[in-house]
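Enquirer: Just a sequence and a predicted model for now, questions to come.
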Amino acid sequence: MSEQHTTSGPRNSAVGRRGFLAGAAAVAAAAATPALARDAAAAPAARPNILLIVTDDQPKQTDWAIPKTIEWLGGHGVTFTHGHAATPLCAPSRSSIFSGRHAHHHGVRNNSASYSLDQTTTVQRHLKQAGYRTGLFGKYLNAWTLADNPPHFEEFALLQPGYNDARWNVDGTVQQLPGYTTNIVKNRTLAFLDKSTTDSRPWFAYVTPYASHAPNTPAPKYTETPVPAWNGRPSVPEDDRSDKPAYIRNATSTLDDARETRKRQLRSLLSVDDAVQAIHDKLVALGQLENTLVIFTGDNGYTWADHGWTKKSVPYSPAHEVPFYLSWPAGGLGGGTTDHRIVANIDIAPTILDAAGLARPAGQDGRSLLGSESRDHLLVQWWKKGTGGEGPKSWASYVAKDKQYTEYYDLYTDATGAVSGTGQVTFREYYDLAADPYQLKNLLYQATPAQEQALGVPALAARLAADRAG
């Protein structure tokens, strides 16, 4: 099946619940890009359970640490090769996961603005209202007060971010729980799943360990685990950054810094892989593996000294590219296929609601991944909080498979996510990703108007402006 390029729009949820078309088996065998249209004959008899696993700051290049996850969800599901976070920052990204909206629509533009999210727009609200049993285990939203119960979750163990002996809000009681937090997330999730033996409702579990966020503390058994050697990539650390914005020109991270961060991240993710395997085994034991929709992704990526930067929040590929897997055997998505569409965290809520047979709410920017819709580019954006400090200014980017155009702006946000500033463009970047996948040569640096025209920059700038206003 060929990849289609259509505009996003409302979909009939009945269509979304159909099984694969008859030819899909051949597509799966060829591991080609599937258009995930499905045939009614293969539709599950009951609404699926839904398992959403979201890791923290997990870069795309971390497969070594999650082999069991990849065996399950990649080998018996769909691997999306172009997965992105539409805002590479924790709270805005998670709010997009919940709502299916870009950050400029849901309002959580920085990590302090979590209370700006309209909780009536969230996927957990729609599922709970439709009769799902809902549970949250792990991190919720940055700057969320621990004593405040997360709305629309019937059962929860809400983590105050940390790795060992952390504080939690467990079903309304704030307490300290001894132990490694990824293991606690795992055990709480398993207990939630066990309750399905006496509660016949379908369930939604949001499982969100703190790994691989700094300080990337591994479980004791993995503290000294050797990790594969890594010699960087051409963007690490990049010798000549004269064509980059000032914060990148001044960045100081080295290959050794990157190796240390990578080592800690990989070790911390080993326990996530163990947890995913335990959840898989529990679903098998309960007889629920076939009709459980599973989505696994990271809330954002992370650079490893790319262009001298070891963080997130930047428009370079390692910061917004994320691992992205989906499996749902009863829905026809269990064959181990590869999907090359551009997908993002804004697509998660529409996909879940589609699988549950629920109508798509007004205002969602994403689209269900169960259908054949495809985009030719993605809006990725980030806002600076306050006017001081170092680091990037607010920016927005047109991201396609073969090119990326970025504008930085004189814009700032306050603690609520409200925006101020002139909006003036202060710097621009354009990368030919086909010829320059590591974003080494900014083709707009010292470019003439004729060169910009030849690159198609005026049209890209107009499209970016329309995306930001849309």
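Expert: Now that the structure is in, tell me what you want to look at. Numbers count the residues shown, from 1 in each chain.

Enquirer: can you give me how far stretch 128-141 is from the chain middle?
Expert: Distance, stretch centre to chain centre, for stretch 128-141: 18 Å (CA atoms, centre = their mean, to the nearest Å).

Enquirer: let me redo that: stretch 294-308
Expert: Remark: stretch 294-308 is offset 9 Å from the chain centroid, using CA atoms, centre = their mean.

Enquirer: do stretch 264-271 as well
Expert: So, by CA atoms, centre = their mean, the centroid of stretch 264-271 is 18 Å from its chain's centroid.

Enquirer: Residues in contact with it: which ones?
Expert: Residues from elsewhere that reach stretch 264-271 (CB atoms under 8 Å, 6 or more residues apart in numbering): 55, 57-59, 62, 64-66, 163, 180, 182-183, 209, 211-212, 214-219, 222-223, 225, 227, 302. Where C-beta positions appear, they are placed from N, C-alpha and C, glycine not excepted.

Enquirer: Buried subset of the residues you listed as a ChimeraX selection?
Expert: Per 16 or more other CB atoms under 10 Å, the buried members of the contacts of stretch 264-271 correspond to this ChimeraX selection:
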select :55,57,58,59,62,65,66,163,180,182,209,211,212,216,217,218,219,222,227,302
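
Enquirer: What about the contacts of stretch 264-271, which are in strands?
Expert: Using DSSP state E, the members of these that fall within strands are residue 55.

Enquirer: Dump stretch 108-125 to CSV, keeping only the CA atoms.
Expert: What follows is stretch 108-125, C-alpha atoms only, in CSV (Å, rounded to 0.1, in the frame of the first residue of the first chain):
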residue,chain,number,x,y,z
VAL,A,108,1.1,24.0,28.5
ARG,A,109,4.0,25.7,26.8
ASN,A,110,6.6,25.1,29.5
ASN,A,111,7.1,22.8,32.5
SER,A,112,5.5,25.3,34.9
ALA,A,113,2.2,25.5,33.1
SER,A,114,0.7,22.1,33.7
TYR,A,115,-2.4,23.5,35.4
SER,A,116,-3.2,25.3,32.1
LEU,A,117,-4.3,21.9,30.6
ASP,A,118,-8.0,21.7,30.1
GLN,A,119,-8.7,18.3,31.7
THR,A,120,-12.0,17.9,29.9
THR,A,121,-10.0,17.4,26.7
THR,A,122,-7.9,14.5,27.8
VAL,A,123,-8.0,10.9,26.6
GLN,A,124,-8.3,9.6,30.2
ARG,A,125,-11.5,11.7,30.6
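
Enquirer: longest single helix anywhere in this protein?
Expert: In the chain, assigned by DSSP state H, the helix with the most residues is helix 255-286.

Enquirer: Filter the contacts of stretch 264-271 down to just the ones in helices.
Expert: Going by DSSP H, the helices hold 182, 183 from the contacts of stretch 264-271.

Enquirer: And the strands in the stretch 1-150 of the chain, which stretches?
Expert: Using DSSP state E, counting those that start in this stretch, the strands found in the stretch 1-150 of the chain span residues 49-55, 78-84, 133-138.

Enquirer: how about these in JSON lines, adding mean pLDDT and distance to residue 445?
Expert: Shown next, in JSON lines, are the strands of the stretch 1-150 of the chain (pLDDT from 0 to 100; distance: least, CB to CB, whole Å):
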{"stretch": "strand 49-55", "mean pLDDT": "98", "distance to residue 445": "35"}
{"stretch": "strand 78-84", "mean pLDDT": "98", "distance to residue 445": "25"}
{"stretch": "strand 133-138", "mean pLDDT": "98", "distance to residue 445": "42"}
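
Enquirer: can I get those in JSON lines with distance to residue 355?
Expert: As requested, the strands of the stretch 1-150 of the chain are exported to JSON lines (distance: least, CB to CB, whole Å):
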{"stretch": "strand 49-55", "distance to residue 355": "7"}
{"stretch": "strand 78-84", "distance to residue 355": "13"}
{"stretch": "strand 133-138", "distance to residue 355": "15"}
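
Enquirer: If you count neighbours, what's buried in the longest helix of the chain?
Expert: Applying 16+ other CB under 10 Å to helix 255-286 flags 257-259, 261-280, 282-283 as buried.

Enquirer: what is the mean pLDDT for that helix?
Expert: In this model, helix 255-286 has an average pLDDT of 98.

Enquirer: try stretch 385-400
Expert: Averaging pLDDT along stretch 385-400 gives 94.

Enquirer: What distance separates the opening and closing residues of it?
Expert: In stretch 385-400, first residue to last residue: 27 Å (CA to CA, to the nearest Å).

Enquirer: what's the answer for stretch 107-116, then?
Expert: 6 Å.

Enquirer: Next: stretch 349-366.
Expert: End-to-end distance for stretch 349-366: 8 Å, by CA to CA.
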